[in-house]
Every structure is written in C-alpha cells, then in structure tokens.
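Chemist: Sequence first, predicted coordinates after that:
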Amino acid sequence: MSELLRRVEDDVPISYGRFELLDGTGLWDLTGDETGSLPVLGTATLTSPARAYRALVRMEAWDGAPPAPAGSWTAARQAVYLSPGGTVSAHGPSHDRSRQMLLLGPPLFAYGLRAYVGPVRTEPAEWDEEVLEPVEEPWLLRFWPLADAASAAHDDVLATMGEMPPPDLTSVVPGQHEWPAFHPPAHPEPPRLIRPTSPPREMERLPTDEFTGRIGYHAEAALASGRRLDEVLGDLRRTMLGNLPGGMRDWSQDMLEDYAAQLHVSRRIGRELNPHGAPTLQLPASDVSTALLGPDPGVSGRAWTWARDEHAHQEVLSVDRQVVARNRIRRTTLLTGIVTILRNENDFVEVRPATAPEAARVTEVETTRT
C-alpha cells in the first residue's frame, strides 16, 4: 500500500481560468500535451471549472500510486509529469511564482499526477449581492514516482527527457528505497500555507536632509533597520547559508517576508532530502560541479575543497573520495568526493554524501565526458 511522504499547501491566483505547475529548476517545455495522452515536461496547466479567483492548492508526494481521496473531490486531470528538478511550485499566469514548493523526489524522474477539484466557495458580487461569484476553489494534486529518466538526459535535458517513452501510470521504480528523497521525513512537518504578498507600492520621491529627490518607499523608509530584519527572519538568520543579500536593510516589508518564505522552504526541503540525518558540509556553490543540472537541491555532483590535511571531511566526502593535490607552501590538500545538494542559499550550498544511485549519475556523466 502506498504511503504519503509529505504535503504542502498554497494559495494561488487563477488567471484566465487556469493556473500552472512549474519545475523548481526553471526548466520546462511549454509545448506540453494538455490532453493527458502524452507526458508533460516541467509544467502542467490546470483549468478551473468554476473560473474562480483563487485556488487553494494542496500538493502531495506519495511513494506509490495514491488511493482515491475521501470527500467531495472530482477528478480533473491525470498525466505523466516529467520533472527535471524533482520539485514543483504553482503560479497564476501573469503572476509571480509562489515561494511554496513541494519535493516530489529525486530530479530527472517521471512522476504520475492526479488532480482533483473540490466544491467552490462563492460570495455575493460587489456589483450585485444577488449574484454569487466563485471566489476560492480547492485543488488536490497527488504525485508519485514512475521511472528514472536520467539515463535519457545528457547535455540537453529538456530535449532528451521529452523523447522518453511515456511510462505506464502503474509503473514501479526499481530500487526506489535507495533514494533518500523517497523516504518519509523523520519528523513530519504540518503543511505551511504561504499567502501571496501584496503588490509592491509605487515609488515616490522623498526629500531628505542629505539631498532632495531620493527614491524610496515612504512607509518603510524609517523602519529599514537591523531590528526589522531580526523580527522578520528570526532563527532563519542564524541557520541560513552565506551572507545576507546586499542592501537588504532598505527592502520593503513585502520583500523581506518573501525572502523569509524562500528560506523556510529551502530549509524544509533540505531536511526532506536528508531524512536520516547524514553528516553535512557547507561549501561555496562554485565548489560543486553538478551533473546535467545546476546546483539545485537534490542534484548530485563532485565537490572540490582545500583542507588542512587529507583526513578532513571524511564523513561527507566519503563517496569516490580522492586526494587530488597538495600545496606544500600553504600546507593544504585538495579533496574531492561525490555529494548531493540539500540547500542553495546566497551562493552557498549544504551537501551530504551521495547514495549509490545518486553517485552513479555523476560517474556516468564523468565517464561519457572524458
């Protein structure tokens, strides 16, 4: 029997009667099939039957084909969803992408997708109280793994994944237990709803004692301080990777809250990619050469780092560990090993040792490119 691995909730604006799913890496093919007969690659369009204003979306990741949901749900769509990055978010056309994101599993996998829509909530229209307008429409999106698509992905990930024969929706992934992303988290977290921020205020000229005509946000000009950063970021400031972005003290409240939401999601996905608490290491993102994709969460690659001696970082750089060079003047050693990225924040990454199937992807690329 299949098991629910994790779930998230989101509040997504509906535009032109639809909203869309997008891959977390930013890779997708907009020519995907909307009939459901062919796989969709990195994106999928979901049409609102009621043409409501907003979609209350619950996205779930399962380790196998999920059962039919209980309650007043109506099947809306079924598809094979090819995911380059193993993560997915939702957005309304002409709106910014939500910071909310669901970890489906490893990158470069084919997933099944079943979409259900629930009863719409209506409210009296502002222009006529006797007319009911559709306001919010609940959606349930369930994903589960079907096949490893990395063998088809080489230099052009989208082109080669798009040529993959569509797997059957009843397919079972061999060796699925070897992928940590298919394991339930040790401490499941309740779904965190991320409300969309309000649109940015218009800029206006503010006279100052220093010079006139400075451009700024009137409401936040007097509040851009370290105290405001601490109030918004809280513990995130101590656990984030790297340094705060430049000029952050001058950000508006909405910009700060959006950045905090991004860090919350990043930290949660990092924990979900490391369910068994493997040792980790923080490195500059440029120190990890990834295979096929960029340095995104879930992607594996080869880390390179200078250390004080050849025995450093043995717990993390344990897979295909090599001593590459020694600098006798500085008394440092260049080490390398295959790792999997958990988080990427502010040009720094947190990594853990790669598992056997994760490392196999890296060594296969290294072999074909030598």
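Modeler: It's in. Numbers count the residues shown, from 1 in each chain.
Chemist: Three-state assignment for Ala360, please.
Modeler: Assigned with DSSP: H, G, I helix; E, B strand; the rest coil, Ala360 falls in the helix class.
Chemist: Report how many residues lie close to it.
Modeler: 15 (other Cβ atoms under 10 Å). All C-beta atoms are positioned from the backbone trio N, CA, C, and that covers glycine.
Chemist: what does the one 4 residues further on give?
Modeler: Close neighbours of Glu364, defined as other Cβ under 10 Å, add up to 15.
Chemist: Could you do Val8 as well?
Modeler: Counted with other Cβ under 10 Å, Val8 comes out at 27.
Chemist: Show me what it bridges to in the sheet.
Modeler: Here Val8 sits in beta bridges with Met59, going by DSSP bridges.
Chemist: Hmm, Leu102 and it touching each other?
Modeler: Yes. Under the criterion of Cβ atoms under 8 Å, Val8 makes contact with Leu102 at 4.9 Å.
Chemist: Spell out which residues are contacts of both of those two.
Modeler: Residues touching both Val8 and Leu102 (Cβ atoms under 8 Å, 6 or more residues apart in numbering) are Met59.
Chemist: Grab the nearest non-local neighbour of Glu137.
Modeler: Ala52 (3.9 Å; Cβ to Cβ, 6 or more residues apart in numbering).
Chemist: Please enumerate the strands of the stretch 1-150 of the chain.
Modeler: Ranges of strands in the stretch 1-150 of the chain, per DSSP state E, counting those that start in this stretch, are 4-13, 18-23, 40-41, 43-47, 54-62, 74-83, 87-91, 102-103, 109-117, 121-125, 128-148.
Chemist: right, so those: which one is the most enclosed?
Modeler: strand 102-103 (a mean of 28; mean count of other Cβ atoms under 10 Å).
Chemist: Show me what that strand is packed against.
Modeler: strand 4-13, strand 54-62, strand 87-91 (3 or more Cβ pairs under 8 Å, 6 or more residues apart in numbering; DSSP states H and E).
Chemist: Tell me what Asp148 is bridged to.
Modeler: Applying DSSP bridges, one finds that Asp148 bridges with Phe109.
Chemist: what about it, distance to Val232?
Modeler: Distance, Asp148 to Val232, using Cβ to Cβ, to the nearest Å: 40 Å.
Chemist: Can you report how many residues lie near the residue nearest to Glu137?
Modeler: Neighbour tally, Ala52, other Cβ under 10 Å: 22.
Chemist: Now do the contacts for it.
Modeler: Applying Cβ under 8 Å, 6+ apart, the residues near Ala52 are Ile14, Val120, Arg121, Pro134, Val135, Glu136, Glu137.
Chemist: hang on, the earlier thing: nearest to Ala278 among the helices and strands packed on strand 102-103 would be which one?
Modeler: strand 4-13 (17.8 Å; Cβ to Cβ).
Chemist: helices and strands around the closest one, which ones?
Modeler: So strand 4-13, by 3+ Cβ pairs under 8 Å, 6+ apart, packs with strand 54-62, strand 87-91, strand 102-103, strand 193-194.
Chemist: could you dump the ones you listed to a markdown table with distance to Ala159?
Modeler: A markdown table is the format used below for these (distance: least, Cβ to Cβ, whole Å):
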| stretch | distance to Ala159 |
| --- | --- |
| strand 54-62 | 26 |
| strand 87-91 | 21 |
| strand 102-103 | 25 |
| strand 193-194 | 33 |
